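Trainee: show me the folded form of this:
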Amino acid sequence: MNSIRTKLAGSYLLVILITVIIVEGFLIAATKKYYYKNIESNLSNQLKLSTSFYNAYLASAGVKENVANNVDVFYENITAEVQIVDLNGFVIMDSLGSIPVGKLEGKDFKAALGGNLGSLIDRQKYKNEGVMTVAYPLIYNGKINGVLRFITSLAKIDEDIYALSRFFLITGGMVIIISGIVSLFISSIITNPIKKIMVGAEKMASGNFNEKININSYDELGQLAKTLNYMTDEILKSERMKDEFIASVSHELRTPLTSIKGWSIVLNSTEVEDEDELKEGLKIIEQESDRLTFLVEDLLDFSKLSSGKVSIKKDIFDLKDILINIKKQSLPRALKENIQLNLILDENLPEIFVDRNRLKQVLLNILDNCFKFTPSGGNVSIRASLEVKNIVIQIIDTGCGIPKEELPRVKEKFFKGKNANSKNGIGLSICDEIIKLHEGKLQINSVLGKGTEVCITLPI
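Mentor: Just a heads-up that it's a prediction; the model follows:
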């Protein structure tokens with residue numbers, strides 16, 4: 001967890017550091033440009049004013065003549081170093097009294113020879129400080145006769161720029177430090193809920209589902225905690241249902257086994273002279289064996305469905321034939337229990353693409369429930385109709401119905417209703433899974449005391 005916190009804080013700090021560096025660089029560069037541009041503007045204004053004065057009052061003689069006659073004293077009030085340069089690039093006058101040796105070839109001089117204002121910042125010839133030079137042409141007889149150059153030191157400007165840069169860097173450093181502290185605080189806010197979720201997940205992994213993860217937030221972490229808490233509730237509910245299911249199955253197994261064992265002992269230990277008693281005992285053994293067989297088949301189907309190993313073998317079948325066959329198969333039981341069984345079919349029913357045996361399994365299971373919960377003299381109806389591109393099969397009984405609080409759970413695995421006729425709690429869940437494998441829906445509507453309707457919707 002510390003590593004996540006470190007990564008988050010480090011990521012925040014890295015973004016802030018990069019941002020501060022970019023902003024600092026921009027501010028320092030902008031400050032430097034502003035100061036240099038300002039001093040260049042001042043020098044340029046003074047230079048243009050001086051050249052205007054020269055061109056107006058001293059242009060009657062050439063540059064060298066004016067220097068020789070010492071009439072070019074207009075620069076005496078200029079704080080910068082002043083140079084007058086001839087057309088060949090040689091300095092013929094310097095206000096400091098020191099004439100540089102060699103020709104000038106700087107871009108400021110070349111720009112002035114072209115009739116433009118030239119400027120140059122030079123740090124190579126002046127080791128201790130930089131200088132700025134601006135140059136402008138001097139006119140004689142309408143032609144450029146020389147160049148006037150102003151040179152000023154940048155030492156004071158550089159000191160001011162350095163002071164401001166140092167202020168910016170100190171401010172940036174403080175921003176980084178404060179941001180680092182805030183980043184640690186923010187990362188803690190994020191990682192603390194993750195730590196709680198991790199601890200809760202570890203308890204769940206160890207089998208402790210009773211403790212909840214307490215995170216009171218509405219973000220993604222809060223939703224994750226709620227999802228995990230919901231998952232634990234579902235697991236606990238599933239565990240309770242499984243325990244109830246095991247107890248129910250154990251009871252279901254114990255009852256027929258007790259009957260079979262009891263009658264086996266009776267038939268094996270005495271000489272049964274009454275043939276009717278013998279037949280009755282064998283009949284009970286047969287019935288209880290069938291009951292065990294059905295229970296084991298349900299368990300096997302449930303196991304296969306849970307593991308996803310059930311294979312659906314679909315083919316095209318006539319739905320009418322399937323439903324007529326179902327009615328013939330269920331009619332003896334209906335007559336035995338004095339229940340009227342009706343089959344109502346639309347004339348335009350198309351063929352359907354299903355697994356015939358699995359569909360029959362579903363329908364027989366549902367009919368078994370209908371007969372079980374419908375009293376003598378009641379009705380069970382099977383209806384099939386075409387709705388748009390779906391086949392709808394309705395199985396309706398006039399039985400006792402399902403309580404409102406049990407209705408949403410009747411298709412859950414292991415759920416067994418409170419009615420004494422309820423079985424092991426896996427029949428309807430198997431039916432629901434089979435219908436889902438056919439890309440259909442199984443819905444149950446019921447009113448307590450009036451009856452139940454099971455609606456199966458299947459694509460054609």
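
Trainee: L386: helix or strand, and which one exactly?
Mentor: strand 379-387 (DSSP states H and E).

Trainee: got the domain ranges for the chain?
Mentor: 2-159, 220-307, 315-459 (automatic domain parsing).

Trainee: what about the shortest one, distance to the chain center?
Mentor: Going back to what we said before, that points to domain 220-307. 45 Å (Cα atoms, centre = their mean, to the nearest Å).

Trainee: now stretch 98-116
Mentor: Distance, centroid of stretch 98-116 to centroid of chain: 66 Å (Cα atoms, centre = their mean).

Trainee: contacts for it next, please.
Mentor: 83, 85, 87-94, 117-120, 122, 133-137, 144, 147-149 (Cβ atoms under 8 Å, 6 or more residues apart in numbering). C-beta here means a position set from N, CA and C on the backbone, and glycine is covered the same way.

Trainee: buried only: go through these for me.
Mentor: Among the contacts of stretch 98-116, those that count as buried by neighbour count (16 or more other Cβ atoms under 10 Å) are 83, 85, 91-94, 117-120, 133-137, 147-149.

Trainee: so for V15, what's the pLDDT?
Mentor: For V15, the pLDDT comes out at 90.

Trainee: host element of it?
Mentor: V15 belongs to helix 2-57, assigned by DSSP H and E.

Trainee: I'd like the next helix or strand past that helix.
Mentor: Following helix 2-57 toward the C-terminus (DSSP H and E): helix 63-69.

Trainee: CA-only coordinates of that next one in PDB, if you can.
Mentor: Coordinates of the C-alpha atoms in helix 63-69 are reproduced here as PDB (Å, rounded to 0.1, in the frame of the first residue of the first chain):
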ATOM      1  CA  VAL A  63      32.200  61.900 -41.000                       C
ATOM      2  CA  LYS A  64      36.000  62.000 -40.900                       C
ATOM      3  CA  GLU A  65      36.000  65.800 -41.400                       C
ATOM      4  CA  ASN A  66      33.600  66.300 -38.400                       C
ATOM      5  CA  VAL A  67      35.700  64.000 -36.200                       C
ATOM      6  CA  ALA A  68      38.900  65.800 -37.200                       C
ATOM      7  CA  ASN A  69      37.300  69.200 -36.600                       C
END
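
Trainee: how far away from the center of its chain is it?
Mentor: Distance, centroid of helix 63-69 to centroid of chain: 83 Å (Cα atoms, centre = their mean).

Trainee: for it, buried residues please.
Mentor: Buried residues in helix 63-69 (16+ other Cβ under 10 Å): V63, N66, V67.

Trainee: closest one of those to S217?
Mentor: Proximity of these to S217 (Cβ to Cβ) peaks at V63, which lies at 82.1 Å.

Trainee: and the closest one, what does it touch?
Mentor: So V63 contacts I84, D86, I92, L138, Y140, N145, G146 (Cβ under 8 Å, 6+ apart).

Trainee: counting neighbours, what do you get for the residue lying closest to L448 once chain neighbours are set aside?
Mentor: Of all residues not flanking L448 in the chain, G401 sits nearest, at 4.2 Å (Cβ to Cβ, 6 or more residues apart in numbering). Residues lying near G401 (other Cβ atoms under 10 Å) number 18.

Trainee: and the residue lying farthest from the centre of the chain, how far from I78?
Mentor: Of all residues in the chain, N69 has its C-alpha farthest from the mean position, at 86.2 Å, by Cα atoms, centre = their mean. Separation of N69 from I78 (Cβ to Cβ, to the nearest Å) stands at 20 Å.

Trainee: again, but for V131
Mentor: 15 Å.

Trainee: SS state for F150?
Mentor: Look at F150: counting by DSSP: H, G, I helix; E, B strand; the rest coil, its state is strand.

Trainee: show me what contacts it?
Mentor: So F150 contacts L43, Q46, L47, S50, I78, A80, E81, V82, T133, V134, A135 (Cβ under 8 Å, 6+ apart).
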